Each structure stands twice: as structure tokens, then as C-alpha cells.
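J.: Predicted model follows, preceded by the sequence.
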Amino acid sequence: MHEIERQRIILSEIADRPVVTVAQLVELTGASEATIRRDINALHQDGKLNKVRGGAEALHPPQLVGIGGRHFAASEQMNLAEKRAIARAAVELCADGDSIIINGGTTTYQMVDHLARRRMQILTNSFAIAETLVRTSKNTIVLPGGAVYREQSLVLSPFENDVTRNFYARRMFMSAKGISPSGVMEGDPLLIQAEQKLINQADELILLADSSKFERRSPLILCPLDRVSMIITDSGLSPTHAKMIEEAGIRLIVVEPDSQDSTEAVGTP
């Protein structure tokens, strides 16, 4: 990631919360700790933020704190071939006339090119997915009410009285921060609250996760593994994690990305 883009992300992050740690910025940008410290020093010298022990703070701390998590722009290009292969396999499970739910994420976002040729009813809390499909497809797009969180490209609401409870879907396609034997993990309480409402409106929950997500951890559990019907991942999945999925009784689809983004899916009932 270029220096200008890293520093833009750092400034955007401290605009959303009073203090951001070096470790959080490493997670957000994928850069090394030394690189982040150099960026903070440069921005501090330019008078754009305050350097503090272990991180940075805004010159004028925000009144409203945003949600945690990697910025959409920072995540979009990571493991892109794997995400495209996973997303293509997910759309192959859909048929015209279906009602589906898609949560916000850079893996689920890769579904949009293939959904452009479909005719479905789609509820999504992803501003990026909704905006793209409105322009490129004839799908019916439904957004829940709430505030737009620009950096994550999400529409979230803490309130119960939005359109979500009136929408039924056969399947929900979901990305996540991490996966462990304890369950599917996310990084922010508001995000968990909003996505649990979405999960409750679908019969089947299909998790789209590249193999790196099985190495990540978060203290917050979105749902237990037994709520997941299927996981679509890439061939980098370790035997240990494949066994975890099998023992949980979850159907597994493994895709093999290549330079042309073609997939070879292997399903196990």
C-alpha cells in the first residue's frame, strides 16, 4: 500500500475515534509496525494528528465514535483472487427469483459482477454492494435503515424497527472477521447487533471466508458454528481447519483460484 493511502487511512481512523493504537493501524493497513510509526511521526510533524504513546490521537476528538474494523479500501485488494473465486461459487448457488441477504464485506462485494445477470430480491447492509447493483443490474435492492459508515461502506442501525424484520430470505451470504471453534467472529458490538438481525431472517447461513480468516481472532462472537450451513473457502485451508468444519457438521466448498479467476469447487455434503 502506498504511503499516501496509508496516511489517508490513519487520518480517517482517528477521525472516527479519539485514539488509535499502532497495533490497530497495522491490522487496518497490513503495513509493518515500523512503517506505521514513521507515518505517525510524519503526520505529527505536519500538524495533522497528535502522536501519543503507542499510537495517535485526533487533534479534535470526534463526538460520535465509529465502528472498528479494517477500512473497505484497505481490505478490497487483499487475497483478491481467492475472494473472487469464493464469490463466484456463492452466486452459483443462487437462482432467479430467490430472496437473499448479503452482509457487507470485501468478499461478499465480489459477488456483484455475477449478480448483475440475476433477477432476485436482495437485502444488504453494504452501501457498496447496493450502489453497484442499482447501477448494473435489475435485481430488487433493499437497504435497512441506519447511518452510513463510510470507511467500511456499511449501513447500520442500533434500532429494531427497520425493514430487516419484514424481509425473509432462503439464504444469507456473510463474510466475517475470523472463524474459530467458538464461532464466527466480528470486531465491533454495533456490527454484531446489526448482523444478528440479518441472520435471524434467513433459513441458511453461508459463510464466505478466504483461508486467512481461520487464523484471525476477535473477542466478539457473532454466532456459533452450528448456525452456519455452509462455508466457501479457498484451497489454502489447512487440514486442521477442514477437520474443524467437518466436525461441526458444516458443508464445505473449496475453490481453487487461478490467474484467470476460474474456480474448481469441491463440495462435501
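T.: Perfect, I can see it now. Here the structure is a predicted model, which is why all the values come from computation and not from measurement. Numbering: from 1, shown residues only.

J.: Can you show me the strands along the stretch 1-150 of the chain?
T.: With strands called from DSSP state E, counting those that start in this stretch, the stretch 1-150 of the chain shows them at 19-21, 50-52, 55-57, 99-102, 121-124, 140-142, 147-149.

J.: which stretches of the stretch 101-250 of the chain have low pLDDT?
T.: 158-161 (pLDDT under 70).

J.: the helices in it, which residues?
T.: 106-109, 112-115, 127-136, 189-199, 239-247 (DSSP state H, counting those that start in this stretch).

J.: and the first one, what other elements does it pack with?
T.: So the one you mean is helix 106-109. helix 72-75, helix 80-91, helix 127-136 (3 or more C-beta pairs under 8 Å, 6 or more residues apart in numbering; DSSP states H and E). In this view, the C-beta of every residue, glycine as well, is placed from N, C-alpha and C.

J.: most packed of these?
T.: helix 80-91 (a mean of 23; mean count of other C-beta atoms under 10 Å).

J.: What's the per-residue pLDDT of residue 86 here?
T.: For residue 86, the model assigns a pLDDT of 97.

J.: Make sure it is actually in contact with residue 236.
T.: No: using C-beta atoms under 8 Å, residue 86 is not in contact with residue 236, being 11.3 Å away.

J.: Find the residues that touch each one of the two.
T.: residue 210 (C-beta atoms under 8 Å, 6 or more residues apart in numbering).

J.: still on that earlier bit, just say which of the helices of the stretch 101-250 of the chain is most tucked in.
T.: Mean neighbour counts for the helices of the stretch 101-250 of the chain (mean count of other C-beta under 10 Å) peak at helix 106-109, with a mean of 25.

J.: Quick one: residues in contact with that one.
T.: So helix 106-109 is contacted by 72, 75-76, 78, 83, 86-87, 90, 102, 126, 128-129, 132, 173-175, 208-210 (C-beta under 8 Å, 6+ apart).

J.: Out of the strands of the stretch 1-150 of the chain, flag the one nearest residue 214.
T.: Among those, the nearest to residue 214 by C-beta to C-beta is strand 99-102 (21.3 Å).

J.: residue contacts, the residue sitting nearest the centre point of the chain?
T.: By C-alpha atoms, centre = their mean, the chain has its centre lying nearest to residue 105, at 2.7 Å. Applying C-beta under 8 Å, 6+ apart to residue 105 gives the contacts 126, 174-176, 208.

J.: redo that, cut-off 6 Å
T.: residue 175 (C-beta atoms under 6 Å, 6 or more residues apart in numbering).

J.: So the residue of the chain positioned farthest from its centre versus residue 54, what's the distance?
T.: Most distant residue from the mean C-alpha position of the chain: residue 45, 33.6 Å away (C-alpha atoms, centre = their mean). With distances taken as C-beta to C-beta, to the nearest Å, residue 45 is found 18 Å from residue 54.
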